[in-house]
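Q: Okay, sequence plus prediction incoming.
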Amino acid sequence: MKTFYKKFLEKFIEGLLMLSSTITTLTVVLIVFFLFKEGIGVFNKKPIEEGYVIAINKNNIVTKISSEQIKNIYDQKIKNWKEIGGKPDSIILFRLEDISNYYSDAAIGENFEGLPNCLSRLIDSVPNIIAFFPEKYLDKNFKGRQLEIDKVTLSEFFGGKEWFPTAQPAAQLGVMPLILGTLWVSLGAILLALPLGLAASVYMSEIASDKVRRIMKPLIELLAGIPSVVYGFFGLVIIVPLIQKTFNLPVGETALAGSIILGIMALPTIITISEDAMRNTPRAMKEASLALGASKWQTIYKVVIPYSISGITAGAILGIGRAIGETMAVLMVTGNAAVIPHSILEPVRTIPATIAAELGEAPNGGLHFQALFALGCILFLITLVINLTVEFISNRNKYNKH
Amino acid sequence: MYKIESKNVDFFYGASQALKNINIAFKPNTVTALIGPSGCGKSTYLRLFNRMNDLIDNTKIGGQILIDGEDIYAKGVNVDSLRKKVGMVFQKPNPFPKTIFENVAYGLRVNGITDKKFIEERVETSIKQVVLWDEVKDKLKKSAFELSGGQQQRLCIARALAIQPSVILMDEPTSALDPISTAKVEELIYELKAKYTIVIVTHNMQQAGRVSDTTAFLYMGELIEYGNTKTIFTNPKIERTQNYITGRFG
Ligand SMILES: Nc1ncnc2c1ncn2[C@@H]1O[C@H](COP(=O)(O)OP(=O)(O)OP(=O)(O)O)[C@@H](O)[C@H]1O
Ligand SMILES: [Mg+2]
């Protein structure tokens, strides 16, 4: 009886353990699935606000138009139909509020009941017009033609130079500035953090006395535990004004500010991992070097660093990984301008900051919403590549040391 | 004139005393064996001659160690230069994760030698000195880890020889080797005597008998007996030495 009870308990615990690992795995898979399902959905959508139409004269030969072209037309960068494959003729822009230039209030009616008819007549009479208006004002026997809009394409998404998902009439979904912003900020962070982190880990593993190390190590590990909002505050109050003064800039919220904050945040990862790797250098190797008359420094750069190079690389990459995914602190100090940065002293916007800032305003299931999920997918892929690289490097490491 | 003189040497790890008042004078071009039971302080003593114990925190030395008449623990002594003069071979073969060639060239390079031809020649003579040349001459560019344990240990000796020290310290250099490799290393030690002063730690009594001229028996941090190897092995003055050598304790 007792053994039966024991066996049952064992089986029960076993089942419990299996269940929790299954749940964990499933959750991860589900999150990734959900992310990609929503993210890929963006390529099935037209980059125009739902419930709106773009209409032209029925004799116009243009049939298709991209969101970038629409934007350029409305920004008056494209002024002639021939630039987008039509007959040479200047483009006449029409927004709904322009209607009073063409028709009297009486014709439109108090409750806009005459508006559909007016629109239809207007578009029919002006051969080179392009009009953007809500679908509900489309006349039953509309005499113009609705212009088809291309779905969001991959090349538009990745190659587009502008991120303006709430633009009217056509949303601009170029993620280039965001990817570049992320990379600039992360690259700057790593350029700052790597030399500093390396120096600190060499100091801690090879030079500092036991006593100093016992104080420093927990302090540095503590740095890893500080919430990122606190880093953001620190950046906003100290670093941003400092940059603004030093470089005499109109605003201090720049890529550089983000890089500095992220660099500080990446330091603990870089230091602890590479310090561990350096301290793992066998004593026999160091002693062999010193016994041959090599100085402490020669031993560090000829034996310790080469021996721990894969650990150092792993630390650096994980540090970048943290930097790339970081949201809050960056959101607070980089200025969040979604433009392609030309220098590190300009405001930029990173992918995670964009998602955090815009998700609240994006209507659930809409184009903007799905575009943000697509951004999430990009971020996921970047960090996945980083993690795989770390895995690869540390595996190679194991093999080397057999 | 003695090569190494140890005068009233005490040594402490923190508060515990590992060596007590050791007085030995080492003649040049001799092999001295340090014997004694495990933990008696042989390695500690050996590592004082190239100041290897400096690496360990919280240690203290008393007395004097003179090499070529100079106090190596005096203020202002350049430890790196001392270690160029006093080479060391460790218990376990510890080649660097580099090529065979680079292992031997390492000591030359860290001493600022860049002349390619000079380095090549010195590497070759050093490897020949340890009778390893025929075995490795075709794979100098291969990793030193591809050698057998015995070959690695001889490579480590070659590495120590390449910077032409005048003293060589060996801490149980054959304890990780098979009988054939051991014999080779012993033969080598015997030949090296002509040029170097050698101090060797060993647990192998036959080995001490075969390779050394003088023997020092340490016990619990004290020097019990020191003298001609033959005398110590055949006619020790102190009973404890006799007991240790004949294997009755230790
Ligand atoms: N790094 C250290 N810190 C503290 N005590 C040490 C240290 N190294 C050695 N000791 C102590 O000093 C004493 C002598 O050690 P040592 O290594 O010199 O012995 P040994 O004669 O070489 O022994 P073995 O034959 O086992 O190698 C031992 O009691 C040991 O515990
Ligand atoms: Mg020992």
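A: Good, I have the coordinates. Numbers count the residues shown, from 1 in each chain, chains lettered A, B, ... in the order given. Ligands and ions are numbered 1, 2, ... in the order given.
Q: For residue A:102, which non-adjacent residue is closest in space?
A: Here the nearest residue to residue A:102 in space, its sequence neighbours aside, is residue A:122; by C-beta to C-beta, 6 or more residues apart in numbering or on different chains that works out to 5.5 Å. To be clear about C-beta, it is placed using only N, CA and C from the backbone, and glycine gets the same treatment.
Q: can you confirm that neighbour is in a helix?
A: Yes: assessed by DSSP: H, G, I helix; E, B strand; the rest coil, residue A:122 belongs to a helix.
Q: which ones are touching it?
A: Neighbouring residues of residue A:122 by C-beta atoms under 8 Å, 6 or more residues apart in numbering or on different chains: A:94, A:99, A:102, A:103, A:129, A:131.
Q: in the stretch 251-400 of chain A, which spans are strands?
A: Applying DSSP state E, counting those that start in this stretch to the stretch 251-400 of chain A gives no strands.
Q: Residue ranges in it under the pLDDT threshold?
A: The model of the stretch 251-400 of chain A has pLDDT under 70 over residues A:397-400.
Q: Nearest to ligand 1: which residue in it?
A: residue A:283 (10.2 Å; C-beta to the nearest ligand atom).
Q: Neighbours of that residue, how many?
A: For residue A:283, the number of neighbouring residues by other C-beta atoms under 10 Å in any protein chain shown comes to 10.
Q: And it, how close does it get to residue A:151?
A: Residue A:283 sits 63 Å away from residue A:151 when distances are taken as C-beta to C-beta, to the nearest Å.
Q: hang on, the earlier thing: the contacts of residue A:122, buried ones only, as a ChimeraX selection?
A: To isolate the buried ones among the contacts of residue A:122 in ChimeraX, judged by 16 or more other C-beta atoms under 10 Å in any protein chain shown, type:
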select /A:94,99,103,129,131
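Q: Including distance to residue A:226, could the contacts of residue A:122 go into TSV?
A: Formatted as TSV, the contacts of residue A:122 follow (distance: C-beta to C-beta, whole Å):
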residue	distance to residue A:226
A:94	55
A:99	57
A:102	61
A:103	63
A:129	59
A:131	55
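Q: Just the ones in strands from the contacts of residue A:122, please.
A: A:94, A:129, A:131 (DSSP state E).
Q: any idea which of those is the one closest to residue A:117?
A: residue A:131 (13.9 Å; C-beta to C-beta).
Q: Per the annotation, how does chain A divide into domains?
A: Domains of chain A are assigned by automatic domain parsing as A:2-44, A:52-150, A:176-401.
Q: contact partners of stretch A:352-359?
A: A:163, A:165, A:178, A:182, A:324-328, A:330-331, A:334, A:336, A:338, A:368-369, A:372, A:375-376, A:379.
Q: That one: how far from the chain's middle?
A: Distance of stretch A:352-359 from the chain centroid (C-alpha atoms, centre = their mean, to the nearest Å) equals 8 Å.
Q: in that stretch, what's buried?
A: Neighbour counts using 16+ other C-beta under 10 Å place A:352, A:353, A:354, A:355, A:358 of stretch A:352-359 among the buried residues.
Q: Quick one: name the residues of chain B near ligand 1.
A: When proximity is defined as C-beta under 6 Å from any ligand atom, chain B approaches ligand 1 at B:13, B:18, B:36, B:38, B:39, B:40, B:41, B:42, B:43, B:44, B:56.
Q: and these, which of them are in helices?
A: B:42, B:43, B:44 (DSSP state H).
Q: OK, contacts around the second one?
A: By C-beta under 8 Å, 6+ apart, the contact list for residue B:43 reads B:171, B:201.
Q: if we can go back for a sec, need the ones in strands among the contacts of residue A:122 in a markdown table (columns: pLDDT and distance to ligand 1).
A: Shown next, in a markdown table, are these (pLDDT from 0 to 100; distance: C-beta to the nearest ligand atom, whole Å):
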| residue | pLDDT | distance to ligand 1 |
| --- | --- | --- |
| A:94 | 87 | 87 |
| A:129 | 89 | 90 |
| A:131 | 88 | 87 |
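Q: between those, which is nearest chain B?
A: residue A:131 (73.1 Å; C-beta to the nearest C-beta).
Q: Give me the nearest residue to that closest one, chain neighbours excluded.
A: The shortest distance from residue A:131 to any non-neighbouring residue, by C-beta to C-beta, 6+ apart, is to residue A:94 (4.0 Å).
Q: Then residue B:54?
A: Nearest non-adjacent residue to residue B:54 (C-beta to C-beta, 6+ apart): residue B:79, at 6.7 Å.
Q: pretty sure residue B:63 belongs to a strand, no?
A: Yes: if the criterion is three-state DSSP, then residue B:63 is within a strand.
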